[in-house]
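Undergrad: Sequence plus predicted model, see below.
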Amino acid sequence: MPAPTMKTHGKLAALGAMGVSAGCVAIFAFFIWVTATPPAGGIDFEHGLISRVSIGVIMTALIAVHVTFARQLFAYAKEHESR
């Protein structure tokens, strides 16, 4: 049995990268929900906004990298499918 290579698992790896992107979106949505200012007190609006923006920048970078990587893997898998 030949050893598995990226040729055989490229599409699966691309789907995994897209799954990580979806997970990052879900985690960020949960973070936004958690840091929402409740009417009875809690974190004030300014600090909540600062935390949302700072985490949002990091999540956006992670999502962009994973989507770009997934697109490259899909293209690689499509190229080697026809061979």
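TA: Looks like it came in fine.
Undergrad: Name the SS class of Ala40, please.
TA: Secondary structure for Ala40, judged by DSSP: H, G, I helix; E, B strand; the rest coil, is coil.
Undergrad: From one end of stretch 40-49 to the other, what's the distance?
TA: Start-to-end span of stretch 40-49 (Cα to Cα, to the nearest Å) is 18 Å.
Undergrad: So the residue nearest the centre of the chain versus Gly48, what's the distance?
TA: Taking Cα atoms, centre = their mean, the centroid of the chain lies closest to Ser21, which sits 2.0 Å from it. Separation of Ser21 from Gly48 (Cβ to Cβ, to the nearest Å): 25 Å. All C-beta spots, glycine's among them, are computed from the backbone N, C-alpha and C.
Undergrad: picking that back up, need the pLDDT of the residue nearest to the centre of the chain.
TA: At Ser21, the model reports a pLDDT of 96.
Undergrad: How about Lys11?
TA: With respect to pLDDT, Lys11 scores 89.
Undergrad: how about it, what does it touch?
TA: By Cβ atoms under 8 Å, 6 or more residues apart in numbering, the residues touching Lys11 are Leu73, Phe74, Ala77.
Undergrad: Of those, which is the most crowded?
TA: If you count neighbours using other Cβ atoms under 10 Å, the busiest of the contacts of Lys11 is Leu73, which has 21 neighbours.
Undergrad: buried stuff in the longest helix seen in the chain?
TA: What stands out as the longest helix in the chain, according to DSSP state H, is helix 45-81. Within helix 45-81, the residues that qualify as buried are Gly48, Met59, Leu62, Ile63, His66, Phe69, Ala70, Leu73, Phe74, Tyr76, Ala77, counting by 16 or more other Cβ atoms under 10 Å.
Undergrad: Ok, stretch 16-30 next?
TA: Using 16+ other Cβ under 10 Å as the test for burial, stretch 16-30 gives Ala17, Met18, Val20, Ser21, Cys24, Phe28.
Undergrad: now the buried residues of helix 45-81 in TSV, with distance to Thr35 and pLDDT?
TA: Below are the buried residues of helix 45-81 laid out as TSV (distance: Cβ to Cβ, whole Å; pLDDT from 0 to 100):
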residue	distance to Thr35	pLDDT
Gly48	5	84
Met59	13	96
Leu62	18	96
Ile63	19	96
His66	23	96
Phe69	29	95
Ala70	29	94
Leu73	33	90
Phe74	34	90
Tyr76	39	87
Ala77	39	85
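Undergrad: If anything else comes up later, I'll come back, but that's it for now.
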